[in-house]
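Peer 1: fold the following and give me the result.
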Amino acid sequence: MTILADNKVRAYETGDFNDLPVIAADIIYEGAAVGENAAGYFRPLVAGDNFSGMAVKKADNSAGAAGAINIKVRQKGRITIDVTGVSAVTDEGSTVYASDDNTFTLTSSGNSAIGKIIRWISGTKCVVAFEAVSRRSI
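Peer 2: Okay, the predicted model is just below:
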């Protein structure tokens, strides 16, 4: 290996975002939870998928082959969502799961972990700190 003897300009990306290849013949809508399928392509989350982030904007690959376009996702952050099973401030710290791209719950069985409740607002509405599987340290 050669050590640097001068400045080296490198390409950096914004840390919380990623562009991921979309499965064939599907649409991922802005705000959707995104999951990874067994072939390594990304889709609207299906219960049991590895959680890959939240879609930043719509990606329409309804007429394309797998990987023809990418979906931009936020892989880590905080989001205000309704979570089934939440009812009080005592739910703070609970793990939140997704059973599809728009259904969030405290029920773990068969679902995909997305993050933890960090603030209860009212009813089932709360702030969830989410993190994609690929960003987790464990």
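Peer 1: residue ranges in this structure under the pLDDT threshold?
Peer 2: Residue ranges of the chain with pLDDT under 70: 138.
Peer 1: what ranges do the strands span in it?
Peer 2: If DSSP state E is used as the criterion, the strands of the chain fall at 17-21, 26-28, 33-36, 42-44, 50-55, 59-61, 70-74, 76-82, 95-100, 103-105, 112-122, 125-131.
Peer 1: need these in a markdown table with distance to residue 4 and mean neighbour count, can you?
Peer 2: For every residue, glycine as well, the C-beta is placed using N, CA and C. Below are the strands of the chain laid out as a markdown table (distance: least, C-beta to C-beta, whole Å; neighbours: other C-beta atoms under 10 Å):
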| stretch | distance to residue 4 | mean neighbour count |
| --- | --- | --- |
| strand 17-21 | 27 | 18 |
| strand 26-28 | 40 | 19 |
| strand 33-36 | 36 | 26 |
| strand 42-44 | 36 | 24 |
| strand 50-55 | 33 | 24 |
| strand 59-61 | 38 | 20 |
| strand 70-74 | 32 | 21 |
| strand 76-82 | 30 | 15 |
| strand 95-100 | 43 | 21 |
| strand 103-105 | 46 | 20 |
| strand 112-122 | 38 | 17 |
| strand 125-131 | 33 | 19 |
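Peer 1: next, format these as CSV and append distance to residue 3.
Peer 2: CSV is the format used below for the strands of the chain (distance: least, C-beta to C-beta, whole Å):
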stretch, distance to residue 3
strand 17-21, 30
strand 26-28, 43
strand 33-36, 37
strand 42-44, 38
strand 50-55, 36
strand 59-61, 41
strand 70-74, 35
strand 76-82, 33
strand 95-100, 45
strand 103-105, 49
strand 112-122, 41
strand 125-131, 35
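Peer 1: and the residue nearest the centre of the chain, what is it in contact with?
Peer 2: The centroid of the chain falls nearest to residue 53 when counting by C-alpha atoms, centre = their mean (1.4 Å). Residues near residue 53 by C-beta atoms under 8 Å, 6 or more residues apart in numbering: 18, 20, 33, 34, 73, 74, 75, 76, 130, 132.
Peer 1: at 10 Å what do you get?
Peer 2: If you count contacts by C-beta atoms under 10 Å, 6 or more residues apart in numbering, residue 53 has them with 16-18, 20, 32-36, 42, 45, 71-77, 114, 130-135.
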